[in-house]
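Q: No letters, just coordinates:
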C-alpha cells in the first residue's frame, strides 16, 4: 500500500485515496451559534464542511488560483473547503447563524467500513468528485446531507472522537451523498428543470399514500403548477397524475403479492379513498383485477412448491 503522510493527508484530492485504502480521521466536529463575529483568515490541514442550520453568514475564500471569493451562505446550504485553503467567517451584527462543522483528513485503513478507495472504485460519482479539485464548493442541501452530518457528529461525540463502525459508515454515506449531489449540481446547471422533476418524483414516492394533488407537489418544489406539469411531462413522458397512479398501482402489486393485507384495505394503503376507483385504476394499469392478480401470484407460488416437492 502506498504510504499516506498524515502531515499532508487532509485534502480530498489525492490520487492515493482512490488507488489505496484509507479511513477518515476527524480533527474537529461541533455545533456553534455565531453572532456579530469577524474571523481572521486562517487555514488548516484538513477538509472542512460548514453547514448552515439557520440564519446567514459570509465565507471569504482565497483559492490557490489567487484573488478572493465571497460566498453568502443561507439556511440549508453547505460549503466544503479543501485543506490548506485560507478562509474566514463573517457573521453580521443582528443576523446570528447556527452552524454544524466537521473537519477531517485521512489515515491508514482500519478495516471497519469500506475504505474511501473502495467506495470510489465502485461509485462513479465519488470517483469523479475526487478527481475534480476545488478550493471551495457551495451546495444546497435537499435535506439529505444534514441528517447524515448530524448523526456523524453525535456519534463522534458519544465515542469521544475515537470513531468506530457507525462513524465510518456514516462518513461513507456522507461522501456518497455529497458526490451524488455534486454530480446532480453539475448536470442540472445545464438542465435545471431536471432537478425539479427529480424532487417531484421524490415527493411522490414519500407521499403516495396521502391525498395529494398537482398543486401540493408544485408547492413542495416551489414551482407554478402549470410549469411543473409541462416540464414533468417533457422529461418523463407522463403527467404528474399518471405517474402518481402508476406508482400507487406498483405499490398495490407489491402489497397484493407480498402481504396478507385484505384486498379491500389496500386502496387505503396506496392513498385512494374510493375502493371502486382503486379497482378501476388497477385494471387499467395491470390489465387484471386485484383479485385476479393475487390469485395468479398464489397459483405461481403453488406451482413452485409442487416442483420443489417433486
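A: Now that the structure is in, tell me what you want to look at. As the structure is a computational prediction, the values presented were derived from the model and not from experiment.

Q: From here on, just use CA atoms for contacts and neighbour counts.
A: OK.

Q: Could you list the low-pLDDT ranges of the stretch 101-250 of the chain?
A: Judged against pLDDT under 70, the low-scoring parts of the stretch 101-250 of the chain cover residues 188-191.

Q: Kindly recompute the last result at 80.
A: 143, 161-163, 185, 187-192, 195 (pLDDT under 80).

Q: and residue 198, what helix or strand is that in?
A: helix 192-207 (DSSP states H and E).

Q: residues in contact with that helix?
A: 184, 188, 217, 218, 220, 221, 228, 231, 232, 235, 244, 247 (Cα atoms under 8 Å, 6 or more residues apart in numbering).

Q: ok, which pair from the residues you listed is furthest apart?
A: Spanning the widest gap among the contacts of helix 192-207 are 188 and 247, at 24.6 Å by Cα to Cα.

Q: can you tell me which of the contacts of helix 192-207 are in helices?
A: If you go by DSSP state H, these have 184, 188, 217, 218, 220, 221, 228, 231, 232, 235, 244, 247 in helices.

Q: May I have the secondary structure class of the nearest residue to residue 245 once chain neighbours are set aside?
A: Spatial nearest neighbour of residue 245, excluding adjacent residues (Cα to Cα, 6 or more residues apart in numbering): residue 281 at 7.5 Å. What DSSP: H, G, I helix; E, B strand; the rest coil gives for residue 281 is helix.

Q: what do you get for residue 84?
A: Taking three-state DSSP, the label given to residue 84 is coil.

Q: for it, what are its contacts?
A: 43, 44, 45, 46.

Q: Looking at those residues, which two lie furthest apart in space?
A: 43 and 46 (8.6 Å).

Q: Okay, buried residues for the helix holding residue 198 please.
A: With burial defined by 16 or more other Cα atoms under 10 Å, the residues of helix 192-207 counted as buried are 193, 194, 195, 196, 197, 200, 201, 203, 204.

Q: go on, stretch 116-126?
A: Neighbour-count burial for stretch 116-126 [16+ other Cα under 10 Å]: 116, 117, 118, 119, 120, 125, 126.

Q: Let me know the closest of these to residue 259.
A: So of the buried residues of stretch 116-126, ranked by how close each gets to residue 259 (Cα to Cα), first place is residue 119, at 35.1 Å.

Q: OK, contacts around that closest one?
A: Counted by Cα under 8 Å, 6+ apart, residue 119 has contacts 126, 172, 176.

Q: Work out the sheet partners of the helix or strand in which residue 59 is found and label each with its direction, please.
A: According to DSSP H and E, residue 59 maps onto strand 56-61. Strand 56-61 pairs in its sheet with strand 69-74 (antiparallel), strand 87-91 (antiparallel), by DSSP bridges.

Q: Contacts for the shortest one next, please.
A: This points to strand 87-91. Around strand 87-91, the neighbours that count as contacts under Cα under 8 Å, 6+ apart are 34-43, 56-62, 97.

Q: Is there a quick PyMOL command that grabs whichever of these are buried?
A: Only the buried members of those end up in this PyMOL selection, burial being decided by 16+ other Cα under 10 Å:
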select buried, resi 34+35+43+56+57+58+59+60+61+62+97
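
Q: returning to that earlier point: show the buried residues in the contacts of helix 192-207.
A: 184, 217, 218, 221, 228, 231, 232, 244, 247.

Q: Throw those residues into a markdown table and include distance to residue 135, thanks.
A: Compiled in a markdown table, those are given as follows (distance: Cα to Cα, whole Å):
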| residue | distance to residue 135 |
| --- | --- |
| 184 | 19 |
| 217 | 36 |
| 218 | 35 |
| 221 | 30 |
| 228 | 35 |
| 231 | 34 |
| 232 | 35 |
| 244 | 42 |
| 247 | 42 |
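
Q: What helix or strand is the closest residue to residue 98 other than its chain neighbours located in?
A: In this structure, residue 98 finds its nearest non-sequential neighbour in residue 33, 4.4 Å apart by Cα to Cα, 6+ apart. Take DSSP H and E as the rule and residue 33 turns out to sit in strand 22-34.

Q: Could you check the angle that strand makes with strand 56-61?
A: Angle, strand 22-34 to strand 56-61, by axes from the mean of the first three to the mean of the last three Cα atoms, to 10 degrees: 130 degrees.

Q: Just give me the residue right at the centre of the protein.
A: Among the residues of the chain, the one closest to the centroid is residue 144, at 3.9 Å (Cα atoms, centre = their mean).

Q: I'd assumed residue 273 was in a helix, is it?
A: No. Under three-state DSSP, residue 273 sits outside any helix and is assigned coil.

Q: and the residue lying closest to it once chain neighbours are set aside, what are its phi and psi?
A: Distance criterion Cα to Cα, 6+ apart; nearest residue to residue 273, sequence neighbours excluded, is residue 267 at 6.6 Å. The phi and psi values for residue 267, taken as degrees, to the nearest 10, are phi -50, psi -40.

Q: Then residue 38?
A: Per degrees, to the nearest 10, the backbone of residue 38 is at phi -130, psi 100.
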